[in-house]
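> the sequence and its predicted three-dimensional model are supplied below.
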Amino acid sequence: MQKPPTFVLVHGAFANSFSFAPLQAELALLGHRSAAVDLPGHGFGATFPAAYQSPQDLVGLAAEPGGIKGVTLADNVTRVIEALERAKRNGPTVLVAHSRGGVTITAVANARPDLIDRIVYVSAWCPVELDVAGYYAEPEMAGVDAGAFATALLGNPGELGLLRVNFRTADATALTAFRQAFAADLTDDEFRTFLNTFQPDENLDAGTSADRAQAATWGTVPRTYVRLAADASLPPAVQDRMIREADALTPDNPFDVHTLDGSHLRWLVHPKPAAELLAALAGPAES
């Protein structure tokens, strides 16, 4: 009898493994094991400057160094490969990513497709024909205001060597922008609770053309895309474009596509439908 898979979960920008806790609980109750990975500089490896605490020192926060400076996509890939190598000793693996985590798992599958039995993107970046920055200039992203968070940005990314966002801001304009982009269908309490799981710093390396999906490696792994129908930060039109591009790259191994209702973050706050979908992809749990 084949062993059940381990779900290896990879978070997005400014996030960490903590955001997967509700999903992991649901998976466990369905009889499935999972491991949420903190990418370098995330989770307990993150920097939360004293100036980020209350009362905030915004001038100090704009200049204070952060430990994620210098972290690269290659570092992220190494971290996930290490987790996959350990998980693979126990049986198959299902590699799952959300949002910017899709960039990482795409590069992981380019490097080590042998470690992955299925790769799953949940409204996650899957760059095929363009780099991530390139998609922002395309019509499918026309409704996304890339400058909506400007009032919450702190410091000069070029000088800090990282991107810093004040998620603890009380600025109504910034909070409204966050809410509309990520969590329009959550309650005020749910939204603020999730916002407080974010960390202020993110690395600047989103990869190059060499990190896009490669047919000879990434393209050999069975794959699933879970669309989020009300995602305003990575709209369905962009999700669908990446699915089409990937299927054109490897038509003999197309995406298995599913759709969940909700915003960019709702599936993590109310994870039961997503857990049931992932469990179905894995097959019956071990009895």
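That came through, no problem.
> helix, strand, or coil at the spatially closest residue to residue 245 that is not a sequence neighbour?
Excluding the flanking residues, the one nearest residue 245 by C-beta to C-beta, 6 or more residues apart in numbering is residue 128, at 3.8 Å. Where C-beta positions appear, they are placed from N, C-alpha and C, glycine not excepted. At residue 128 the chain is in coil, as set by DSSP: H, G, I helix; E, B strand; the rest coil.
> next, the contact list for residue 128, please.
Residues in contact with residue 128, defined by C-beta atoms under 8 Å, 6 or more residues apart in numbering, are 212-213, 242, 245-246, 249.
> where does pLDDT dip in the stretch 151-287 of the chain?
284-287 (pLDDT under 70).
> how close does the residue nearest to residue 245 get to residue 105?
Using C-beta to C-beta, to the nearest Å, residue 128 is found at 14 Å from residue 105.
> again with residue 28
Using C-beta to C-beta, we find residue 28 at a distance of 22 Å from residue 105.
> likewise residue 264?
For residue 264, the distance to residue 105 - C-beta to C-beta - is 17 Å.
> ok, these two, which is more surrounded?
Between residue 264 and residue 105, residue 105 has the larger neighbour count (other C-beta atoms under 10 Å), namely 28 against 23.
> quick check: that one touching residue 97?
Yes. At 4.3 Å, residue 105 counts as touching residue 97 under the criterion of C-beta atoms under 8 Å.
> and for the two, which residues touch both?
In contact with both residue 105 and residue 97: 10, 121, 124, using C-beta under 8 Å, 6+ apart.
> isn't the last one up against residue 132?
So that's residue 124. No. With contact defined as C-beta under 8 Å, residue 124 does not reach residue 132; the gap is 10.9 Å.
> list residues touching both of the two?
With C-beta under 8 Å, 6+ apart as the test, residue 124 and residue 132 both reach residue 100.
> out of the two, which sits in the more crowded spot?
More crowded of residue 124 and residue 132, by other C-beta under 10 Å: residue 124, with 26 against 16.
> please name the bridge partners of that one.
Per DSSP bridges, the residues bridged to residue 124 are residue 99.
> show the model's pLDDT score for it.
Per-residue pLDDT puts residue 124 at 98.
> now do the contacts for it.
12, 97-102, 105, 234.
> report pLDDT for residue 150.
84.
> from residue 103, how far off is residue 219?
Distance from residue 219 to residue 103, by C-beta to C-beta: 16 Å.
> who's more crowded, the two?
residue 103 (27 against 19).
> I'd say the more buried one and residue 208 touch.
No. Look at residue 103 against residue 208 with C-beta under 8 Å: they stay out of range, at 10.6 Å.
> please enumerate residues in contact with the lengthiest helix in the chain?
Ranked by residue count under DSSP state H, the longest helix found in the chain is helix 73-88. Helix 73-88 has contacts (C-beta under 8 Å, 6+ apart) with 6, 8, 10, 35, 37-40, 93, 95, 103-105, 107-108, 111-112, 115-116, 205-207, 211.
> tell me the mean pLDDT for it?
Mean predicted confidence for helix 73-88 is 98.
> restricting to C-alpha, output it in CSV.
The C-alpha trace of helix 73-88 is given here as CSV (Å, rounded to 0.1, in the frame of the first residue of the first chain):
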residue,chain,number,x,y,z
LEU,A,73,15.2,33.3,-4.4
ALA,A,74,18.0,30.7,-4.5
ASP,A,75,18.0,30.8,-0.7
ASN,A,76,14.2,30.2,-0.7
VAL,A,77,14.7,27.3,-3.1
THR,A,78,17.4,25.7,-1.0
ARG,A,79,15.1,25.9,2.1
VAL,A,80,12.2,24.2,0.4
ILE,A,81,14.4,21.5,-1.2
GLU,A,82,15.7,20.7,2.3
ALA,A,83,12.2,20.2,3.5
LEU,A,84,11.2,18.1,0.5
GLU,A,85,14.2,15.9,0.9
ARG,A,86,13.2,15.1,4.5
ALA,A,87,9.5,14.7,3.7
LYS,A,88,10.3,12.4,0.7
